[in-house]
Every structure is written in structure tokens, then in C-alpha cells.
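1. Okay, sequence plus prediction incoming.
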Amino acid sequence: MFGFGKPRFKGVDKKYISDPEHIEDYESTQAIGRVRLGKLCLYYKDLGKKYYVPYDYIERAFCRISECQPDDSPAYYYYRLILVHGGKEFANLIFNEEADVDRLLELIKEINPQVAIGYVPPADGKRRYFS
């Protein structure tokens, strides 16, 4: 109930796993923000849950920059790692430093060279949000 015990990971198929192989893979990697790049999968935390994504599921990855303009203060920026499958964005992970997102994009490309890096606008001009 409160996350004690061994970690569970929710997959892109909405099923949970908690096998020793994935737990060891998760715990043996270093975190970059909320993301860990294991040998088996990409892992990330979002809203108190841990997720895993097989590298071959990721078709495209890119950085989206969001500007926040508070009153009477200079603008500040959030950097988002966006992961895409089937033309839809399925992960939107926020970072404070652009260097973290750039490093993750490089590592994802090294691990799986088939992943396309960079934003491509949809042909119909409509952005596909989370499914």
C-alpha cells in the first residue's frame, strides 16, 4: 500500500512486474533525474509509481522546452523528455536542466540505434497526447 518491500514496475501494457531480474537491473543503474537506463529497460518514476519501458517500444524521443513566465520575474524553463510510440506521446518527464535531457537522449540512442531522436510534427498538424 505504501510502497514498502520490493519495487513493482508498471509496463506500457498496464501490467505490473516485480521479478528479481528487473529489480536488480533497476537498482544497479544510476539515476538521471527520475530516469534510470538499465540493460533491460528504461525505468522512470511518475506520480509515485515506477514504470518500465523496453527500449524497442520507444520509436522516437525528443526534448520539449516549456517556458514559465511569472509576474515581475524573469522567465524560467522546464525541459521535458518526451517518449513516443505509435505516433503518440506516452511519457512526459520534467527536468530542470537541459543537459540531463540531452544526456538521456544520447544514451537512449546508444542503447537502441533504431530510436529516432528529435521532434517531427504530425502530418495533420494535430499533436497526439497521452493515451
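-> Structure's in. What do you need? Numbering: from 1, shown residues only.

2. Poorly predicted segments of this structure, please.
-> Confidence mapping of the chain against pLDDT under 70 gives the ranges 1-4, 127-131.

3. how about the helices in it?
-> Remark: helices assigned in the chain by DSSP state H are 20-27, 98-111.

4. Can you list the residue ranges for strands in this structure?
-> 9-10, 16-17, 31-32, 35-37, 41-46, 49-54, 60-68, 76-85, 88-95, 116-117 (DSSP state E).

5. Show me the one of the helices of the chain that comes nearest residue 91.
-> With C-beta to C-beta, the closest approach to residue 91 among those belongs to helix 98-111: 11.2 Å. Using the backbone N, CA and C atoms, a C-beta is placed for each residue, glycine as well.

6. hmm, back to that, can you redo the helices of the chain as TSV with distance to residue 117 and mean neighbour count?
-> Output for the helices of the chain, formatted as TSV (distance: least, C-beta to C-beta, whole Å; neighbours: other C-beta atoms under 10 Å):
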stretch	distance to residue 117	mean neighbour count
helix 20-27	23	14
helix 98-111	5	16
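
7. that older thread, distance to residue 102 and mean neighbour count for the strands of the chain - can I get that in CSV?
-> Below are these laid out as CSV (distance: least, C-beta to C-beta, whole Å; neighbours: other C-beta under 10 Å):
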stretch, distance to residue 102, mean neighbour count
strand 9-10, 25, 18
strand 16-17, 30, 14
strand 31-32, 10, 15
strand 35-37, 13, 21
strand 41-46, 16, 20
strand 49-54, 19, 18
strand 60-68, 7, 14
strand 76-85, 9, 17
strand 88-95, 10, 17
strand 116-117, 10, 12
